[in-house]
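Enquirer: Any chance you can model this:
(2 chains)
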Amino acid sequence: AQKVTQAQTEISVVEKEDVTLDCVYETRDTTYYLFWYKQPPSGELVFLIRRNSFDEQNEISGRYSWNFQKSTSSFNFTITASQVVDSAVYFCALMWVSGTYKYIFGTGTRLKVLA
Amino acid sequence: SAVISQKPSRDICQRGTSLTIQCQVDSQVTMMFWYRQQPGQSLTLIATANQGSEATYESGFVIDKFPISRPNLTFSTLTVSNMSPEDSSIYLCSVAPQETSTDTQYFGPGTRLTVL
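Expert: This is a model prediction of the structure:
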């Protein structure tokens, strides 16, 4: 069965600390996509990154970086030098094709960055 | 990415009534989705709404409770019927625009529904 696990329910860090949000997934498919979304207190979900199952390259975008490892079925997200504006709930998601596109979201990790 | 709007942004409704939520996109998209996010929880897909065909509902969701319309490539509605307090949630629509990548979803701002 397809599954996304975000074991960290809530993380608190002090501003400028680095923080890593974990995401572990399960899937039988060889072709799939992984995503991270940010949901700030305003509630709107913001797309951060997409990675397909054939591309294990790590990605860096400013203070954000992602580490995709198929060997451990993980797609972890690191924020470097965290800021108060990073405070949000972060969701990891898995997509696969089964007749149509199928998506499943993890339970989310609430990140609190303290000034 | 597409610009997505939802109406209403929030509502408070009485038990037993129905509410129709509208989702408007600024460009034509094939795939639109409706999600529910209960307080403090993750997102659960209700159904996929493709223009010109019946919506495809996920396990646990039925058309009688959540009828969906998709009259064209920029608009969809979700109705929450015969509401009960358990229906209090945020309802989100999302789209997967072809001009970016059809597998990436972009979300509307959500509709916060409270049922008394």
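Enquirer: Not counting residues beside it along the chain, what's closest to the closest residue to chain B within chain A?
Expert: Among the residues of chain A, residue A:45 lies nearest to chain B; the distance is 3.9 Å by C-beta to the nearest C-beta. Just so you know, the C-beta spots here come from the backbone N, C-alpha and C atoms, and that holds for glycine as well. Closest residue to residue A:45 apart from its sequence neighbours, by C-beta to C-beta, 6 or more residues apart in numbering or on different chains: residue B:107 at 3.9 Å.
Enquirer: Just to check, residue A:7 is in contact with residue A:22?
Expert: Yes - between residue A:7 and residue A:22 there is a contact under C-beta atoms under 8 Å: 6.0 Å.
Enquirer: who has more neighbours, the two?
Expert: Higher neighbour count among residue A:7 and residue A:22: residue A:22, with 16 against 11, using other C-beta atoms under 10 Å in any protein chain shown.
Enquirer: and the gap between the residue lying closest to that one once chain neighbours are set aside and residue A:91?
Expert: In this structure, residue A:22 finds its nearest non-sequential neighbour in residue A:76, 5.4 Å apart by C-beta to C-beta, 6+ apart. Distance, residue A:76 to residue A:91, by C-beta to C-beta, to the nearest Å: 14 Å.
Enquirer: Is chain A within reach of stretch B:44-61?
Expert: Yes - part of stretch B:44-61 sits near chain A under the criterion C-beta under 8 Å from any C-beta of the partner chain, namely B:44-45, B:48, B:56.
Enquirer: Return the set of residues that bridge with the closest residue to chain A within chain B.
Expert: Residue of chain B nearest chain A, by C-beta to the nearest C-beta: residue B:107 (3.9 Å). On the basis of DSSP bridges, residue B:107 takes part in beta bridges with residue B:94.
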